[in-house]
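Trainee: structure here, sequence nowhere to be found:
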C-alpha cells in the first residue's frame, strides 16, 4: 500500500467513526483539513474573519453530509468543493449585484504588517494580483495551484462547464504573468 | 514552429504543464516544444509563474476544532444527528400515532357498544361540563377544539370503562383527563420536533444537491 493510500484509508476510518457519532474522530478530520479550508476561504473572501466563518460553516455542512460521502472517493476534493461553494455563496450574498464574471475590487487579502515584513516583493505583488482577479478566476487559481484539483474536479467544485473552468484558469494566469512582468520591467 | 509554420496554442502549454494533455496531443506538443525556441520561452514564462505561486506560503489558520465541535454538540442537543435517522423517526412517530389512534378507535367502539354505561359516566363527569362551559364562553373560535377535547375525554373514559372488568377500577375524571392530555401533548411534541428536523434535513439535502 502506498503512503497516500494509507493516509486515505486512515481518513476513511475517521469518517466511519465520525458517522457513528465519534466527535474526536471528526475533530481529527477538522485538524487535518483546517489549514486548507481556511486558506481557500481566505484567498477567496479576502478577510480573515470571513475565512474563519466560512471554514467553520463548511466543516458543519461536511459533518451533516458525511453519511452521503462515498468512501471509495478521496475526501479532499469533495471537502474542497464544500468550502469553495460556502465561500462563493457568502461572497454572492455580500455582493448581490455582482455578476459571476464581473471584475471585482476585493478588500485586500494581503497579509498583516508583521507578515508583510517577512515576505519578498514578488510574493506580495502576486498576492495582490490574485486578490484583484475576478472571483471565478481567483477560484480557478486557488483550486488548481493551491489545492491541486484536476480540471474535472474544478468543474465539479465550481459547478461549471469544463470549458469555462479552463478559460478562467488560463486567463487568470495571463493576468498574473502580466502583473509580474510589469513589476520586473 | 511546427510543419504548418505555427506555434503551439498557449492553451496547449497550460494543459501540458497541468498534466491534462495525453496521448497523441501530448506527443505532438512535446515534439514541437523540443524544436521551437519561442514556445520554449513561453513555457518558461508559465513555469516561472507556477513556481512563484508554489512559493506562496499559506496563511496561518486559527484552530477551528473547538468551535466546530461545540457547534456540532449544540446541533445534536437541538435534535440533530444524535437522534435516530429521519426514516426511523417517522416510523416511530407513525407507530406512536397509530397506537394512539387505535386506542381512541377502540374507545369510540366501546363508547358505542356500552353507550349506556359511557353516557352515565360522561354525565357524571365534571370535566365534560367544564368542556361545555369553556366552549360556550370562548365562542366559535375554540369550540372545535373544546368539542374535540370533550370527545377525546369521552373516548378515553369509555376505553377505561371497557377495561374495567379486566383491570383496575375506573380512573377518576382527573386521571382520565391527565391521560388524554399526556397522550395529546406527547404526540404533538413528537410531531413538532420531527417536523423541525425534517425541515432542517431538507435544507441539508438541498445543500447536498447543490454540491
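Mentor: That came through fine. Every value quoted in this text rests on a predicted model; they were computed, and no experiment measured them. Numbers count the residues shown, from 1 in each chain, chains lettered A, B, ... in the order given.
Trainee: for the host helix or strand of residue A:52, name the packing helices and strands.
Mentor: Assessed by DSSP states H and E, residue A:52 sits inside helix A:48-65. For helix A:48-65, the contact count by 3 or more C-beta pairs under 8 Å, 6 or more residues apart in numbering or on different chains; DSSP states H and E identifies helix A:23-45, helix A:75-94, helix B:65-77, helix B:173-210 as packing neighbours. C-beta here means a position set from N, CA and C on the backbone, and glycine is covered the same way.
Trainee: compute the inter-axis angle for that helix and helix B:65-77.
Mentor: Relative orientation of helix A:48-65 and helix B:65-77, computed by axes from the mean of the first three to the mean of the last three C-alpha atoms, to 10 degrees: 40 degrees.
Trainee: quick one: helix A:48-65 to helix A:75-94, angle?
Mentor: 120 degrees.
Trainee: who's in contact with helix A:48-65?
Mentor: A:18, A:26, A:29-30, A:33-34, A:37-42, A:44-45, A:79, A:82-83, A:86-87, A:90, B:59, B:61-62, B:64, B:67-68, B:71-72, B:75, B:80-81, B:204, B:207-208, B:211 (C-beta atoms under 8 Å, 6 or more residues apart in numbering or on different chains).
Trainee: could you list the buried residues of it?
Mentor: For helix A:48-65, the neighbour count (16 or more other C-beta atoms under 10 Å in any protein chain shown) marks A:48, A:50-65 as buried.
Trainee: same check on stretch A:30-39?
Mentor: A:30, A:32-34, A:36-39.
Trainee: which ones, among the residues you listed, also lie beside chain B?
Mentor: Of the residues in these, proximity to chain B by C-beta under 8 Å from any C-beta of the partner chain holds for A:30, A:34, A:37-39.
Trainee: nearest to residue A:144 among the residues you listed?
Mentor: residue A:39 (14.0 Å; C-beta to C-beta).
Trainee: spit out the contact partners of the spatially closest residue to that closest one that is not a sequence neighbour.
Mentor: In space, and not counting its chain neighbours, residue A:39 is closest to residue B:58: 4.7 Å by C-beta to C-beta, 6 or more residues apart in numbering or on different chains. Counting by C-beta under 8 Å, 6+ apart, residue B:58 makes contact with A:35, A:39, A:146.
Trainee: possible to save those as TSV with distance to residue A:10 and pLDDT?
Mentor: As requested, those are exported to TSV (distance: C-beta to C-beta, whole Å; pLDDT from 0 to 100):
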residue	distance to residue A:10	pLDDT
A:35	18	94
A:39	22	93
A:146	23	92
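Trainee: in a markdown table, list those along with distance to residue A:132.
Mentor: Shown next, in a markdown table, are those (distance: C-beta to C-beta, whole Å):
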| residue | distance to residue A:132 |
| --- | --- |
| A:35 | 24 |
| A:39 | 18 |
| A:146 | 17 |
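Trainee: that older thread, and which of the buried residues of stretch A:30-39 is nearest chain B?
Mentor: residue A:38 (3.5 Å; C-beta to the nearest C-beta).
Trainee: how many residues are close by the closest residue to the closest one other than its chain neighbours?
Mentor: Residue nearest to residue A:38 in three dimensions, not counting chain neighbours: residue B:61, with 3.5 Å by C-beta to C-beta, 6+ apart. Using other C-beta atoms under 10 Å in any protein chain shown, residue B:61 has 19 other residues around it.
Trainee: could you do residue A:41 as well?
Mentor: Other residues close to residue A:41 by other C-beta under 10 Å number 29.
Trainee: I figured it hits residue A:89, correct?
Mentor: No. Residue A:41 is not in contact with residue A:89 according to C-beta atoms under 8 Å; the separation is 11.4 Å.
Trainee: over to the residue nearest to residue A:39. Which of the three states is it?
Mentor: The local conformation at residue B:58, judged by DSSP: H, G, I helix; E, B strand; the rest coil, is coil.
Trainee: now the phi/psi pair for it, please.
Mentor: Main-chain dihedrals, residue B:58, degrees, to the nearest 10: phi -70, psi 150.
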